[in-house]
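Trainee: predicted structure and sequence below. I'll ask about it afterward.
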Amino acid sequence: MNDSLTQIFIDSFLINNFVLCVFLGMCPFLGLSSKFATAWRMGVTVMFVITVSSILAYGTNLLLTALHVEYLRLISYIVIIAATVQLTEMVIKKLSPALFKELGIYLPLITTNCAVLAVALFQTVRNYDFLQSTVFAIAASGGFCFAIVLLSLVRERTDLSDIPSLARGTAITLVLASILSMAFMGFAGMGGGK
Amino acid sequence: MSQPQDNPLLNGLWKENPTFVQVLGMCPTLAVTNSVRNALAMGLATTFVLVCSNGLISMIRHQVPKQVRIATYIAIAATAVTVTDYVVKAISIDIYKALGPFLALIVVNCIILARAEAFAAKNSVGRSLMDGLGNGLGFTLGLTLLGTVREVLGAGSFLGLSLFGPHFEPWVLFLLPPGGFITLAAWLLIFAWYKERKTKPAPSAQDLLDARS
């Protein structure tokens, strides 16, 4: 495994981009990418949730390992994530009611965004220390944000073009995602691959 | 969602297929379908979790207060997933390694929560079990269809059996992420086309000419 912080960052931001190369966080990626304005806000919110929950999960894992109850890991991570999402919800409601309204139902649904749980699980499996986990969380969520913004920019264009009625919606979005993903495969050469 | 007279098993399997009609649970659908074996294993694991969580949730649906229901559903799903995780590890370490983190990630698969909220919370235990089974098998069907296309084109084999002989040049792109996206897009298009054909007659030549001008 790559260990230096820069390597972790580049690896999870570009080479193994969470959305386009590891297929995590597909639901918001497909569901919320129709408009640029919503997409980047969602991206930043998810970045916040992932970073906070990754830090909390790191602490919890230390506790669980010390008590020898590792089988509770999955359940405790889920509870942490749900709590973080609740916290984010309150913060956003306080800071920007307009944004709160715009994100609507998708805000509580961050709980079931698999990218959030995956960051917590990956950092445990890979035995990252605290600093590595934090960098990993920021890079992975940044990659999510980057991908959803890129896709939303393309989708705003395709809205204006003539697409067969059958392909409108999910199908054409998947084709666009496939092309984006092919572009991201080009990064595989960086850092000597995996 | 469904009428009480409907058969929940068939509904989940075909009419409201989780992959092609509800478009739920996209992450595992795309991530583990690079071979038929992985797709089947993932589908069956999800089916097991879905049946367990649907049954349990339906059993306690009158006791759970409305405010904490989502948390309860997730806790139940997480328990079922932990069990599955250990069972798969015990049965085949190869499959466990191939599925990797996606086995644990079943807990955040939207299908589980969607079926809990939309069906198990409102229906009897028997019907909820059938619904879990139907949706799980429907999901398995979706994964297997995707896995078949990707394995046949990407590796020239089916369930590990070579199909085209030694001179086949594998189309590796289909095993890589872009292939997953494009295969799913193609299946969705086929399903949409099939549905439209059933409701509307095929367009005549004159219609096509009109549409072009």
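Mentor: Yep, that arrived.
Trainee: hey, let's count contacts and neighbours off CA atoms from now on
Mentor: Noted.
Trainee: so, low pLDDT: which residues of chain A?
Mentor: Within chain A, the ranges that satisfy pLDDT under 70 run A:1-3, A:191-194.
Trainee: hmm, I was thinking of chain B
Mentor: Using pLDDT under 70, chain B drops low at B:1-6, B:201-203, B:208, B:211-213.
Trainee: which parts of it sit against chain A?
Mentor: Counting by Cα under 8 Å from any Cα of the partner chain, chain B comes close to chain A at B:24-28, B:30-31, B:74-75, B:78-79, B:82, B:101, B:104-105, B:108-110, B:177-182, B:184-186, B:188-189, B:192-193.
Trainee: now, of the residues you listed, which are buried?
Mentor: Buried members of the residues of chain B next to chain A, counted by 16 or more other Cα atoms under 10 Å in any protein chain shown: B:24-28, B:30-31, B:74-75, B:78-79, B:82, B:101, B:104-105, B:108-110, B:177-182, B:184-186, B:188-189, B:192.
Trainee: which elements pack onto the longest helix anywhere in chain B?
Mentor: Assignment by DSSP state H gives helix B:125-155 as the longest helix of chain B. If you count contacts as 3 or more Cα pairs under 8 Å, 6 or more residues apart in numbering or on different chains; DSSP states H and E, helix B:125-155 packs onto helix B:8-10, helix B:26-31, helix B:36-59, strand B:157-158, helix B:177-199.
Trainee: what does stretch A:163-177 rub up against?
Mentor: When contacts are defined by Cα atoms under 8 Å, 6 or more residues apart in numbering or on different chains, stretch A:163-177 is touched by residues A:20, A:30, A:151, A:154-155, B:178, B:181-182, B:184-186, B:188-189, B:192-193.
Trainee: what parts of chain A come near chain B?
Mentor: A:20-27, A:71, A:74-75, A:78, A:111-114, A:117-118, A:121-122, A:166-167, A:170-172, A:174-175, A:177-179, A:181-182.
Trainee: got the contact list for the most centrally placed residue in chain B?
Mentor: Nearest to the geometric centre of chain B sits B:F139, at 2.4 Å (Cα atoms, centre = their mean). Counting by Cα under 8 Å, 6+ apart, B:F139 touches B:13, B:17-19, B:43, B:47.
Trainee: how about B:G147?
Mentor: Applying Cα under 8 Å, 6+ apart, the residues near B:G147 are B:33-36, B:39.
Trainee: check chain A for its longest helix and report it.
Mentor: Per DSSP H, chain A has its longest helix at helix A:36-67.
Trainee: gap between A:T111 and A:I78?
Mentor: Using Cα to Cα, to the nearest Å, A:T111 is found at 8 Å from A:I78.
Trainee: with B:E16 instead?
Mentor: Distance of B:E16 to A:I78, given as Cα to Cα: 28 Å.
Trainee: more neighbours: which of those two?
Mentor: Between B:E16 and A:I78, counting by other Cα atoms under 10 Å in any protein chain shown, A:I78 is the more crowded of the two (24 against 19).
Trainee: counting contacts, what elements does the host helix or strand of that one pack onto?
Mentor: Element membership for A:I78 (DSSP states H and E) is helix A:73-95. With contacts defined as 3+ Cα pairs under 8 Å, 6+ apart, helix A:73-95 has these neighbours: helix A:36-67, helix A:97-103, helix A:114-125, helix B:69-91.
Trainee: contacts for the last one next, please.
Mentor: It stands for helix B:69-91. A:71, A:74-75, A:78, B:45, B:48-50, B:52-53, B:56-57, B:64, B:95-96, B:103-104, B:106-107, B:112-113, B:116.
Trainee: now the helix or strand that that helix is followed by: how far from the chain's centre is it?
Mentor: Once helix B:69-91 ends, the next helix or strand along the chain (criterion: DSSP H and E) is helix B:93-99. Chain-centre distance of helix B:93-99: 19 Å, with Cα atoms, centre = their mean, to the nearest Å.
Trainee: what do you get for stretch A:50-62?
Mentor: 15 Å.
Trainee: for it, buried residues please.
Mentor: Of the residues in stretch A:50-62, those buried (16+ other Cα under 10 Å) are A:50-58, A:60-61.
Trainee: out of these, who's nearest B:A155?
Mentor: A:I50 (35.8 Å; Cα to Cα).
Trainee: tell me which residues touch B:N54, please.
Mentor: B:115-116, B:120, B:125, B:128-129, B:131-132.
Trainee: let's see if you can find the most crowded of these.
Mentor: For these, neighbours tallied by other Cα under 10 Å; top is B:G132, 32 neighbours.
Trainee: that residue and chain A, how far apart?
Mentor: In this structure, B:G132 and chain A are 19 Å apart, going by Cα to the nearest Cα, to the nearest Å.
Trainee: what about A:V175, distance to A:V154?
Mentor: 11 Å.
Trainee: the more surrounded of those two?
Mentor: Just comparing A:V175 and A:V154: by other Cα under 10 Å the higher neighbour count belongs to A:V175, 21 against 18.
Trainee: that one - that's part of a helix, no?
Mentor: Yes: applying DSSP: H, G, I helix; E, B strand; the rest coil, one finds A:V175 inside a helix.
Trainee: give me the residues contacting stretch A:67-75.
Mentor: By Cα under 8 Å, 6+ apart, the list of residues contacting stretch A:67-75 reads A:61, A:64, B:75, B:78-79, B:82, B:104.
Trainee: number of residues surrounding B:K89?
Mentor: Close neighbours of B:K89, defined as other Cα under 10 Å, add up to 13.
Trainee: relative to B:T144, how far out is it?
Mentor: From B:K89 to B:T144 the distance is 21 Å (Cα to Cα).
Trainee: wait, which of the contacts of B:G147 is closest to A:I8?
Mentor: B:N34 (25.7 Å).
Trainee: how about that closest one, what does it touch?
Mentor: Contacts of B:N34 by Cα under 8 Å, 6+ apart are B:147, B:150-151, B:174-176, B:180.
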